[in-house]
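Student: A structural model of the following input is requested.
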Amino acid sequence: MMKFAELPLRDAVEQSNRRNATRLVIADAAFAERKIGGTFAEDQVEAFVRLLERDGEVTAERRGAREIVLRRAP
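Tutor: The predicted structure follows:
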């Protein structure tokens, strides 16, 4: 499990990328500083992305089977 409390999104993505074949990429450097918190199964990248999308601040673009680009929602 990955547990975050007020962790910058960039750090959470870094941790996920170390553990998974699917790579998360943050499109906006300023957005990478957004704080997140929660407990996530480390092998469930799609579930992690869905939780980020659910709050409406993140959109995810899937590029092939192994890359997901995270952007600030318009």
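
Student: can you give me the helices in the chain?
Tutor: For the chain, the helices defined by DSSP state H cover 9-19, 45-54.

Student: What average pLDDT does the longest one get?
Tutor: In other words, helix 9-19. Computed over helix 9-19, the mean pLDDT rounds to 94.

Student: Tell me what angle that helix forms with helix 45-54.
Tutor: Helix 9-19 runs at 170 degrees relative to helix 45-54, counting by axes from the mean of the first three to the mean of the last three Cα atoms, to 10 degrees.

Student: follow-up on the earlier one: can you put the helices of the chain in JSON lines and add mean neighbour count and distance to Val69?
Tutor: All C-beta spots, glycine's among them, are computed from the backbone N, C-alpha and C. Formatted as JSON lines, the helices of the chain follow (neighbours: other Cβ atoms under 10 Å; distance: least, Cβ to Cβ, whole Å):
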{"stretch": "helix 9-19", "mean neighbour count": "16", "distance to Val69": "11"}
{"stretch": "helix 45-54", "mean neighbour count": "16", "distance to Val69": "10"}
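
Student: mind putting those helices in CSV, distance to Ile36 included?
Tutor: Listed next are those as CSV, based on distance: least, Cβ to Cβ, whole Å:
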stretch, distance to Ile36
helix 9-19, 6
helix 45-54, 7
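
Student: for these, which one sits closest to Arg71?
Tutor: Counting by Cβ to Cβ, Arg71 lies closest to helix 45-54 out of the helices of the chain; the figure is 10.5 Å.

Student: which other helices and strands contact the closest one?
Tutor: Here helix 45-54 touches helix 9-19, strand 35-40, strand 58-62, strand 67-72, going by 3 or more Cβ pairs under 8 Å, 6 or more residues apart in numbering; DSSP states H and E.

Student: let's go with 10 Å and repeat that
Tutor: When contacts are defined as 3 or more Cβ pairs under 10 Å, 6 or more residues apart in numbering; DSSP states H and E, helix 45-54 packs onto helix 9-19, strand 23-26, strand 35-40, strand 58-62, strand 67-72.

Student: Which residues does that helix contact?
Tutor: With contact meaning Cβ atoms under 10 Å, 6 or more residues apart in numbering, helix 45-54 is reached by 2, 9, 12-13, 16-17, 19-24, 34, 36, 38, 40-42, 44, 58-60, 62, 66, 68, 70, 73.
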